[in-house]
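[1] below are the sequence and a predicted model for it; my questions follow.
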Amino acid sequence: MKRIVISIVIASASAVALFFFLRAVFSGQLILNPVIVENLGPFSVRWYGVMIATGIIAAYLLGRRQGLKEGIKEDYLIEGVFIGIVFGVLGARIYYVAFNYEIYRGDFWSIFRTWDGGLAIHGAFFAALLVTFLYVTFRKKADLKFLQVTDIFTAVLPLAQAIGRWGNFTNYEAYGSPTDLPWKMFVPLRYRMPGYSEFEYFHPTFLYESLANVVIFAVLYWYLGKRKNYGEVTALYMVLYSIVRFFIEGLRLDSLYIGQSEVRTAQAVSVILLIVGIALFIFSRYKGKQVKRVS
């Protein structure tokens, strides 16, 4: 009981502190510095990288817990996560650069400056799925099932996304169109998108998605222990996140587009993943392999 009371007090104090912090930033009274420590040799420590790393660690710890419950050896978890992180980041960057090639064409080395932002979650997701498939295929002794692993991965992925979006916040990126709503966010002139220099306040779409991802995480992590067959959680992630991303993407000013069209890449991919997710859930629920409970 004492532990619960302490947890409630800490959570309440943190929420109040976060509220006043956001109010100061959103009003423009406090301007964020995306860099924590500069001039560490050729490197700098940035909030963006810290948030991404924090999200990955938090997701791994929860994913590890579930993996051990399902009888997956820790060596395989560590090895798989390490490979997944490397290729996930590569996939996220390649995807972003591919749809933003005009920006990077004149400055090749800027492609590698991931600490300035520019990681696309869909690219990371597809890369992680591919790596998981290859790992499960070649690690036959591990006795892993592809959808078993993706269920664990997608159950904790929204938590990593929710935390990672605060890296966008510190970079003043991934915000939406101008607005006068009470929760409008001030964006300094140097961070405003071309054509919007006369506007000061914008939709904090990073916050919309972060909060939505927290809800998705809570639902999926709870359902992970209740699922009947492998693949159900993976399918629900595709459905829930795609719905959220489709609508939030419509507000953003920095969307990636398919070629010269006005079709937003994230919205098109979300529609595809939504359809695939519905089909996968139906298949997994009625034709999938049953989850093995480990006592």
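    Nice, I can see it.
[2] low-confidence ranges in the stretch 51-200 of the chain?
    Flagging of the stretch 51-200 of the chain using pLDDT under 70 yields the residue ranges 101-117.
[3] how about 90 then?
    Applying pLDDT under 90 to the stretch 51-200 of the chain flags the ranges 70-75, 77-78, 80-82, 84-86, 88-121, 138-144.
[4] what segments of it are helices?
    Along the stretch 51-200 of the chain, counting by DSSP state H, counting those that start in this stretch, helices occupy 74-98, 101-104, 121-138, 146-170.
[5] and those, which is most packed in?
    A comparison of these by mean neighbour count, using mean count of other CB atoms under 10 Å, puts helix 146-170 on top with a mean of 24. C-beta: built from backbone N, CA, C; applies to glycine.
[6] between that helix and helix 74-98, how many degrees?
    50 degrees (axes from the mean of the first three to the mean of the last three CA atoms, to 10 degrees).
[7] and helix 146-170, how far out from the chain's middle?
    Mean-position distance between helix 146-170 and its chain equals 5 Å (CA atoms, centre = their mean, to the nearest Å).
[8] also stretch 236-251?
    Per CA atoms, centre = their mean, the centroid offset for stretch 236-251 relative to its chain is 12 Å.
[9] what does stretch 52-69 give?
    The answer for stretch 52-69 is 14 Å, by CA atoms, centre = their mean.
[10] residues in contact with that stretch?
    By CB atoms under 8 Å, 6 or more residues apart in numbering, the residues outside stretch 52-69 that reach it are 74, 77, 81, 85, 119, 152-153, 155-157, 159-164, 167, 221, 224-225, 294.
[11] over to stretch 272-281?
    231-232, 234-239, 241-243, 246.
[12] quick one: mean pLDDT for that stretch?
    The average pLDDT for stretch 272-281 rounds to 97.
[13] could you do stretch 250-265 as well?
    88.
[14] swap in stretch 9-17?
    The model assigns stretch 9-17 a mean pLDDT of 91.
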